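[1] Pasted the sequence and its predicted model underneath.
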Amino acid sequence: MTKPIAPSLLGCAVPLVACAAALLIALAANAQNAPAGAASAAAGAASDAEGAASAPPAATLTVPAAVRPTTNPGPLVYGLFDVAAGRFQAPGMTRVLALESGAMEHSFIGIRGGDDLGGGLYARFGLETYVRLNAGTIGRTPADPFWGRAAYVGFQGQFGTSVLGRLPTPLYNVTRQFNPLDESYGFSPAIRQWYQGTILGDSHWNNSVGYSSPEPDGGSGWTWQIQYNAKDTAPGAQGNNVGGSLLYASGPLLVGGAFQRVRNGLDAVPPGFAKQTAYQIGMSYETRLVRLYGQGGSVKTSATTGVRTHLYQLGAAAPIGLGFALASYGHANTETDMSSSLRRTFSVGYDYFLSKNTDVYALAMNDRVTGYSSANSVATGLRLRF
């Protein structure tokens, strides 16, 4: 008698086989449609593009044509350094005078490269590590892996980009994209409320397969991402993670949304944990005087004590001189069957560009959580891209 396949193995294998089949079909279509001997760039890391002053705030897996070299490159080193000095305070805690790395954007160093396989197809790789400049150490926290920001290898062509490894989630990319303070863990209301106590697990997933559609011609049109993470062996892991996003750009308008279901990769597992689902929609619109941002969503944790959080954020960035005035308000209402909590965060600041790659900033934030004393933080910092 043939031994049946375990359901857990089957559940893991089916998405991987489907992803591999889709990639093979796309590669075949790419080889047929690409002009013979077409030479375009070897793929560069998307996170390299996200560091440029003119780039959109959130990373994607698709590589903009502007950053693609015209020949096979050797490994390229790039990154971003961000450090700020100020007075920092969390709700209910005392104020602390400190030097903080990554107050506006996490410092990191990366290396990437690619290989021209012919017919418009490229192999690509990337390795990126977070850096804490104030302490001279690796990682956002001591718990981060060495290549915590990204570690991937994959293919890029006319079909889009498909990579495997440790990747940022589509939900994290969209959260960054629809708020004026990007990924500022220190001062962005959206990032602080979504990723400091609401979303379980990391903003980057290990053991991932990711696909990103190609950029539309002329910059207007639809793009989408999908990401699948294989179940790990950590205690409390209940299954595989999956996430995706869909964006539409048309002139000054950008709209989109993202979702994710988390069932593994948690540092602390709530009693009776089964899964966490999250949804978010967002929009930005640019006028001559200001760029407006808005996003909203919900997060539901299925566990012995169920938790539901509804969040929204409104923001603006206005060009003034050689910089931008920034403002953002975030609102998060968290409920269980027995309690509720409200968090309100408001931040303002000014980001002044000394050059395309170097800027200085000043930020202030008020953060209020039910049951805790109000927190006020202020900081000035320097950010350098290379």
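    It's in. Everything quoted here is computed from the prediction, not taken from an experiment.

[2] So, low pLDDT: which residues of the protein?
    1-73 (pLDDT under 70).

[3] That one: helices as residue ranges?
    7-33, 46-50, 170-177, 189-195 (DSSP state H).

[4] what helices or strands is the third one leaning on?
    Which is helix 170-177. When contacts are defined as 3 or more C-beta pairs under 8 Å, 6 or more residues apart in numbering; DSSP states H and E, helix 170-177 sits against helix 189-195, strand 221-229, strand 241-250, strand 253-262, strand 275-286. Backbone N, C-alpha and C define where each C-beta goes, glycine included.

[5] mind redoing it with 10 Å?
    In terms of contacts (3 or more C-beta pairs under 10 Å, 6 or more residues apart in numbering; DSSP states H and E), helix 170-177 is packed against helix 46-50, helix 189-195, strand 204-212, strand 221-229, strand 241-250, strand 253-262, strand 275-286, strand 291-302.

[6] Now do the same contact list for the closest residue to Ser250 other than its chain neighbours.
    Distance criterion C-beta to C-beta, 6 or more residues apart in numbering; nearest residue to Ser250, sequence neighbours excluded, is Ser220 at 4.9 Å. Neighbour list for Ser220: 248-251, 253 [criterion: C-beta atoms under 10 Å, 6 or more residues apart in numbering].

[7] what's the answer for Glu105, then?
    If you count contacts by C-beta under 10 Å, 6+ apart, Glu105 has them with 50-51, 57, 80-82, 176, 181-186, 188, 361, 381, 383, 385.

[8] Could you tell me the phi and psi values at the nearest residue to Glu286 once chain neighbours are set aside?
    Leaving aside its chain neighbours, Glu286 sits nearest to Pro252 (4.0 Å; criterion: C-beta to C-beta, 6+ apart). For Pro252, the backbone dihedrals (degrees, to the nearest 10) come out as phi -80, psi 0.

[9] Let me see the contact set for Pro252.
    284-288, 291-292.

[10] now Arg132
    83, 100-102, 106-107, 138-142, 144.

[11] ok, 6 Å please
    Arg132 makes contacts with Ser101, as judged by C-beta atoms under 6 Å, 6 or more residues apart in numbering.

[12] how much space between it and Tyr172?
    Going from Arg132 to Tyr172 by C-beta to C-beta, to the nearest Å gives 20 Å.

[13] same question, Asn240
    From Asn240 to Tyr172 the distance is 18 Å (C-beta to C-beta).

[14] The two - which one has more neighbours?
    When neighbours are counted by other C-beta atoms under 10 Å, Asn240 and Tyr172 differ, and Tyr172 comes out ahead with 25 against 21.

[15] okay, now the nearest residue to the more buried one once chain neighbours are set aside: neighbour count?
    Distances taken as C-beta to C-beta, 6+ apart put Ser203 closest to Tyr172, at 4.0 Å, once the chain neighbours are dropped. For Ser203, the count of nearby residues is 19 (other C-beta under 10 Å).
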